[in-house]
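here is a sequence together with a model predicted from it:
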2 protein chains.
Amino acid sequence: MSLRHALLGFIQMLEPVSGYDLKKWFQGSINFYWPATHTQIYRTLGELAEQEFVRHKTIEQTTHPDKKVYSITQKGKAELTHWLKEPLKLPVTRHGLLVQLSFADMLTTEEILMLLSEYKHKVHTHLQFLNHDQQQFMQYGRSDRERILWELVLDSGIEYYQGELKWAEKAIRKLRSIKSRGKQPA
Amino acid sequence: MSLRHALLGFIQMLEPVSGYDLKKWFQGSINFYWPATHTQIYRTLGELAEQEFVRHKTIEQTTHPDKKVYSITQKGKAELTHWLKEPLKLPVTRHGLLVQLSFADMLTTEEILMLLSEYKHKVHTHLQFLNHDQQQFMQYGRSDRERILWELVLDSGIEYYQGELKWAEKAIRKLRSIKSRGKQPA
DNA sequence: TCATACATGTAAGTTGTTACATGATTGC
DNA sequence: GCAATCATGTAACAACTTACATGTATGA
């Protein structure tokens, strides 16, 4: 799984860094292609520490809760670079809307159009989010090369959602062309 | 979750149908946007039966193992049509390659190119698969309307993977343009 | 004063994966 | 003779989600 490696990657990049900050980095960057909740992050950090891929120090604070800051070990670096070179399986998308459409012959055309326009709207909002939030993140690139890589990643996301938008629009057009022939719901 | 509803959808469409056949339908159709193993399918069928969304009969066979065939109940149909109208969250893709690229500044450009061309190859193969396998499945559409819906679903998949192909090619071109400046691995 | 940020975690539940298990039949 | 198909399942594990839990500080 990639969560542990994503964490190793960020720790390597940001060390020393707290779980809390890692969570924020996740949300501000790789969230759209590898989301993780704080629960998952804290637990995985614990596991990584147990396996000695990372180590942590507790920083005592008075005004705020104490925090643990993590750094990567040699063993962790080795694991990370090894994983980085490994070809992975194709990503899996579980796309509920497509499941719905597969059986949507049970719905009226109006109802299907509602699903699609809701989807379109959500994708649209998310795209704006991406454009804004992630451009932010780009500025932390420490070299041209790193920024080029990050741009590729961002691009992939933007193109994906733009594709989804276009697809939804096409689907809406197609359905409108058969609008009057909707079945009644069961 | 959509697995139970995908199953309800198929059962409604194909009843009476065995778990084994459902598995085959999954593989031949919605596999690329909602994969499921036989383990998951059998377990979920059990749950659906317990909740009285489906019922089953055991068909005794001599030459082959006995089988259970499932049909949907009224309760199941109600659940399905309700779910079909419900707007869902945006789909989540966990895209390991993008995680790798995010930290790929640690790799040489050659190594990154390898990852990308491997990916391109896998996507390409998968696309051919889709085109072939799923066209097959289309023929089971029982009306123009159903076929139009299924075409939309297929389209979404094909466009997604075509987008990924194009993106990978673009990425490869960009990286080639900086090829000689690769860092050495750690 | 009310929400948000800071900072961490536990507990319980749901989903998904992998390996193990059986055993006849059909086609190459 | 050997692999694949038919047909079902269990067991163990891995990964992810949601709700619960705490308590200060800061800004609108």
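Okay, I see it. Residues are numbered from 1 along each chain as shown, chains lettered A, B, ... in the order given.

contacts for the helix or strand hosting A:T39?
In this structure, A:T39 sits in helix A:38-50 according to DSSP states H and E. Helix A:38-50 is contacted from outside by A:3-4, A:7-8, A:19-20, A:22-23, A:26, A:36, A:54-56, A:68, A:70, A:76, using Cβ atoms under 8 Å, 6 or more residues apart in numbering or on different chains. No exception for glycine: its C-beta is placed from N, CA and C like everyone else's.

out of those residues, list just those in helices.
Among those, the members found in helices (DSSP state H) are A:L3, A:R4, A:L7, A:L8, A:G19, A:Y20, A:L22, A:K23, A:F26, A:G76.

now distance to A:V92 too, for those residues, in a markdown table please.
Formatted as a markdown table, those follow (distance: Cβ to Cβ, whole Å):
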| residue | distance to A:V92 |
| --- | --- |
| A:L3 | 15 |
| A:R4 | 18 |
| A:L7 | 21 |
| A:L8 | 22 |
| A:G19 | 27 |
| A:Y20 | 29 |
| A:L22 | 24 |
| A:K23 | 24 |
| A:F26 | 19 |
| A:G76 | 27 |
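
contact partners for the residue nearest the centre of chain A?
The centroid of chain A falls nearest to A:F32 when counting by Cα atoms, centre = their mean (2.3 Å). A:F32 makes contacts with A:H126, A:L130, A:G157, B:T93, as judged by Cβ under 8 Å, 6+ apart.

returning to that earlier point: write a PyMOL command that selects only the buried members of the contacts of helix A:38-50.
With 16 or more other Cβ atoms under 10 Å in any protein chain shown as the criterion, this PyMOL line picks the buried residues out of the contacts of helix A:38-50:
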select buried, chain A and resi 3+4+7+8+19+22+23+26+36+54+56+68+70+76
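
restrict the contacts of helix A:38-50 to contacts with DNA strand C.
Residues of the contacts of helix A:38-50 in contact with DNA strand C (Cβ under 7 Å from any atom of the strand): A:G19, A:Y20, A:K23, A:K68.

what is the nearest of those residues to B:K85?
For those, the closest approach to B:K85 (Cβ to Cβ) belongs to A:K23, at 34.6 Å.

please name the nearest non-neighbouring residue to the closest one.
A:H38 (4.9 Å; Cβ to Cβ, 6 or more residues apart in numbering or on different chains).

what's the local residue count around the one you found?
Neighbour count for A:H38, taken as other Cβ atoms under 10 Å in any protein chain shown: 14.

can you pull the pLDDT of it?
Note on A:H38: pLDDT of 95.

what does A:E146 give?
A:E146 is given a pLDDT of 94.

just to revisit the earlier point, pLDDT check: weakest of the contacts of A:F32?
Lowest pLDDT among the contacts of A:F32: A:L130, 86.

on the three-state scheme, it is what?
helix (DSSP: H, G, I helix; E, B strand; the rest coil).

chain A: helices as residue ranges?
Counting by DSSP H, the helices of chain A are A:3-14, A:19-28, A:38-50, A:74-84, A:96-102, A:109-138, A:144-176.

who wins on neighbours among the contacts of A:F32?
Each of the contacts of A:F32 was scored for neighbours by other Cβ under 10 Å, and A:G157 scores highest at 22 neighbours.

surely that residue and A:L130 touch.
Yes - here A:G157 lies in contact with A:L130, judged by Cβ atoms under 8 Å, at a distance of 5.7 Å.

contacting residues around A:Q162?
So A:Q162 contacts A:L127 (Cβ under 8 Å, 6+ apart).

give me the domain ranges for chain A.
Annotated domains of chain A cover A:3-84, A:96-181 [automatic domain parsing].

same list, these, but as CSV with distance to B:M13 please.
As requested, those are arranged in CSV below (distance: least, Cβ to Cβ, whole Å):
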stretch, distance to B:M13
domain A:3-84, 32
domain A:96-181, 7
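
minimum distance to B:Q135: which of these has it?
Among the domains of chain A, domain A:96-181 sits nearest to B:Q135 (Cβ to Cβ), with 15.4 Å.

contacts for stretch A:62-73, please.
A:8, A:11-12, A:15-20, A:22, A:45, A:48-49, A:52-61, A:80.
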